[in-house]
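>>> coords please:
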Amino acid sequence: LRALARRPGWVVSRAELLRALPGAGRDEHAVETAVARLRSALGGPRMIQTVVKRGYRLAFDPSDGGSGPG
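Sure, this is the predicted structure:
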């Protein structure tokens, strides 16, 4: 979550998220698993968005005054 929250709305690659996870894993499936768990903990998939072939991003709508998704 910290890696995504550093730049809300910006896409963070799976490789970058993998480096942020504990351990020295090389399997990007670990990122998918971590994102699924994070979505579950946050109560749904809307906060963490998948950007196909690029990575993930924290949902951000600047029109709401920066308070984050609804």
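>>> against residue 10, how distant is the residue nearest to residue 1 when sequence neighbours are not counted?
Distances taken as C-beta to C-beta, 6 or more residues apart in numbering put residue 38 closest to residue 1, at 6.0 Å, once the chain neighbours are dropped. From N, CA and C alone the C-beta is placed, and that goes for glycine too. Using C-beta to C-beta, to the nearest Å, one obtains 17 Å as the distance from residue 38 to residue 10.
>>> neighbour count: these two, which is higher?
Remark: of residue 38 and residue 10, residue 38 carries more neighbours, 15 against 12, as counted by other C-beta atoms under 10 Å.
>>> in which helix or strand does that one reside?
In the assignment (DSSP states H and E), residue 38 maps to helix 29-42.
>>> residues in contact with that helix: which ones?
Helix 29-42 is contacted from outside by 1, 14, 17-18, 21, 45, 47-48, 50, 56, using C-beta atoms under 8 Å, 6 or more residues apart in numbering.
>>> export these as JSON lines, with columns for neighbour count, distance to residue 27 and pLDDT.
Putting the contacts of helix 29-42 into JSON lines (neighbours: other C-beta atoms under 10 Å; distance: C-beta to C-beta, whole Å; pLDDT from 0 to 100) gives the following:
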{"residue": "1", "neighbour count": "14", "distance to residue 27": "20", "pLDDT": "90"}
{"residue": "14", "neighbour count": "17", "distance to residue 27": "10", "pLDDT": "94"}
{"residue": "17", "neighbour count": "19", "distance to residue 27": "12", "pLDDT": "94"}
{"residue": "18", "neighbour count": "19", "distance to residue 27": "8", "pLDDT": "93"}
{"residue": "21", "neighbour count": "13", "distance to residue 27": "10", "pLDDT": "88"}
{"residue": "45", "neighbour count": "14", "distance to residue 27": "22", "pLDDT": "83"}
{"residue": "47", "neighbour count": "18", "distance to residue 27": "24", "pLDDT": "91"}
{"residue": "48", "neighbour count": "18", "distance to residue 27": "19", "pLDDT": "95"}
{"residue": "50", "neighbour count": "14", "distance to residue 27": "18", "pLDDT": "95"}
{"residue": "56", "neighbour count": "22", "distance to residue 27": "16", "pLDDT": "96"}
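>>> perfect, I'm done here.
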